[in-house]
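>>> I would like to see how this sequence folds:
(one chain, ligands or ions: 1)
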Amino acid sequence: MKSVTVIGLGPMGQAMAGAYLSSGYDVTVWNRTPQRADELVARGAERAPSVEAALTAADLVVLSLVDYDAMYAILEQAPSAALAGRTVANLTSDTPGRAREAAAWLAERGAVQITGGVQVPPPGIGTPGAETYYSGPKDAIEAHRIALEVLTGIDYLGEDPGLAALYYQIGIDMFWTGLVGYLHGQAVAEANGISAERFLPHAVKTMDFRYFLEFYAPRIAAGQHEGDVERLSMGVASMEHVVHTARASGVDASLPAAILEIFRRGLAAGHGQDSLTSLVDVLKR
Ligand code: NDP
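Numbering: from 1, shown residues only. Okay, the predicted model is just below:
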């Protein structure tokens, strides 16, 4: 009764197929580079000889691919009839627009897409507290709730198949820029002989944005950008110091320079005495 197909065996797809094997599922796998299935096959997974065989092996098909182009490249190898009646949990990253197009493309072939945006790295699959943004038909998600929850918890956002992709991309926007901010700061630290381990406790405190998010979110929602706590003019001076420190350390300063440029645009738009949150309006333009 418990069967699932996983297509796409990068680190994420491998973790997912592994979690299903550990939970006693019959797991069928397919990957463009077949050898990536070797370890899973050794653990009991079935290597499908074709995309068609993979699709028809289970009602629930999990896709974990680099993008939706890869999805079309794979699914177009099978006759459309192989998709009829399947639920495709598309846990592949791409834009909200492409997620909506794919849902319509699958619907034309008799399949239902559940869009997912996984919020944990591969080692987080199957661990408590892990979550995935989901959107699409609620009944399809409920029908496969038990199987989906083998991977992560379900954060259901609504029927629009683009919604999970949108939330995911917003989160990734914050995540990559925040993480590269960490890497840039650490590059300056390294250039000054401060190891990542030495700086770790300071980095952890600095990157804990919870206080700021909870303070700013209601103000952003209310369109209130009063400079009572910090002002953009201070931000410009502060970012200039960061750029100069990076350059003096021999470190590429293009990342803080890009932020300084955004701050200066806010200044030019007349927000010098407003809070940094006024940049939301500047960026929206
Ligand atoms: P990878 O890029 O390592 O895996 C990509 C998969 O896509 C592989 O199976 C690869 O096949 C396949 N693929 C790529 N191009 C094509 C193509 N043209 N035709 C057929 N297959 C193709 O990604 P991950 O496993 O790391 O991630 C999978 C998804 O999960 C991504 O959308 C990612 O954004 C998301 N995600 C990943 C996280 C992570 O930390 N890894 C965290 C949260 C989400 P092949 O093996 O043959 O190259």
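
>>> Which pLDDT value does the model give the residue in the stretch 101-250 of the chain that the ligand sits nearest to?
The ligand sits closest to residue 121 of the stretch 101-250 of the chain, with a gap of 3.8 Å, by Cβ to the nearest ligand atom. C-beta here means a position set from N, CA and C on the backbone, and glycine is covered the same way. In this prediction, residue 121 carries a pLDDT score of 97.

>>> what residues are up against it?
Residue 121 makes contact with no residue, according to Cβ atoms under 8 Å, 6 or more residues apart in numbering.

>>> let's see 10 Å
Neighbouring residues of residue 121 by Cβ atoms under 10 Å, 6 or more residues apart in numbering: 11-12, 15, 130.

>>> Most neighbours of all the residues you listed, which one?
residue 12 (23 neighbours; other Cβ atoms under 10 Å).

>>> ok, that residue touching residue 91?
Yes: between residue 12 and residue 91 there is a contact under Cβ atoms under 10 Å: 7.5 Å.

>>> what's the overlap in contacts for these two?
Common neighbours of residue 12 and residue 91 (Cβ under 10 Å, 6+ apart) are 6, 62, 64-65, 118, 151.

>>> of these, list those near the ligand.
Under the cut-off given by Cβ under 6 Å from any ligand atom, the ligand has 64-65, 118 from the shared contacts of residue 12 and residue 91 close to it.

>>> As a markdown table, those residues with neighbour count would be great.
Formatted as a markdown table, those follow (neighbours: other Cβ atoms under 10 Å):
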| residue | neighbour count |
| --- | --- |
| 64 | 28 |
| 65 | 24 |
| 118 | 24 |
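
>>> Tell me if stretch 177-197 is near the ligand.
No: using Cβ under 6 Å from any ligand atom, we find that stretch 177-197 stays clear of the ligand, coming within 11.5 Å at best.

>>> can you list contacts of that stretch?
Contacts to stretch 177-197, defined as Cβ under 10 Å, 6+ apart, come from residues 198-200, 202-203, 206-207, 209, 242, 245-256, 258-259.

>>> picking up where we left off before, so which of the contacts of residue 121 would count as near the ligand as well?
Answer for the contacts of residue 121 near the ligand (Cβ under 6 Å from any ligand atom): 11-12.

>>> Which member of the contacts of residue 121 is positioned nearest residue 225?
Checking the contacts of residue 121 against residue 225 with Cβ to Cβ, the nearest one is residue 130 at 35.5 Å.

>>> per-residue confidence for that closest one?
98.

>>> pretty sure it is in contact with residue 152, am I right?
Yes: here residue 130 lies in contact with residue 152, judged by Cβ under 10 Å, at a distance of 4.0 Å.

>>> Now residue 113: which helix or strand?
Element membership of residue 113 [criterion: DSSP states H and E] is strand 112-118.

>>> Likewise for residue 4?
When elements are assigned from DSSP H and E, residue 4 belongs to strand 3-7.

>>> Paired strands for that strand, with orientation please.
The strands beside strand 3-7 in its sheet (DSSP bridges) come out as strand 26-30 (parallel), strand 60-63 (parallel).

>>> Would you format these as TSV with mean pLDDT included?
Listed next are the strands paired with strand 3-7 as TSV, based on pLDDT from 0 to 100:
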stretch	mean pLDDT
strand 26-30	98
strand 60-63	98
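
>>> Serialize these to TSV and add fields for mean neighbour count.
Shown next, in TSV, are the strands paired with strand 3-7 (neighbours: other Cβ under 10 Å):
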stretch	mean neighbour count
strand 26-30	25
strand 60-63	25
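
>>> related to what we said a few turns ago, mind listing the shared neighbours of residue 130 and residue 152?
Taking Cβ under 10 Å, 6+ apart as the criterion, residue 130 and residue 152 both touch 118-120, 124.

>>> The stretch 101-250 of the chain: strands as residue ranges?
112-118, 131-135, 153-156 (DSSP state E, counting those that start in this stretch).

>>> Quick one: list the elements packing against the last one.
Secondary structure elements in contact with strand 153-156, counted by 3 or more Cβ pairs under 10 Å, 6 or more residues apart in numbering; DSSP states H and E, are strand 112-118, strand 131-135, helix 138-143, helix 145-151, helix 163-191.

>>> No further questions, thank you.
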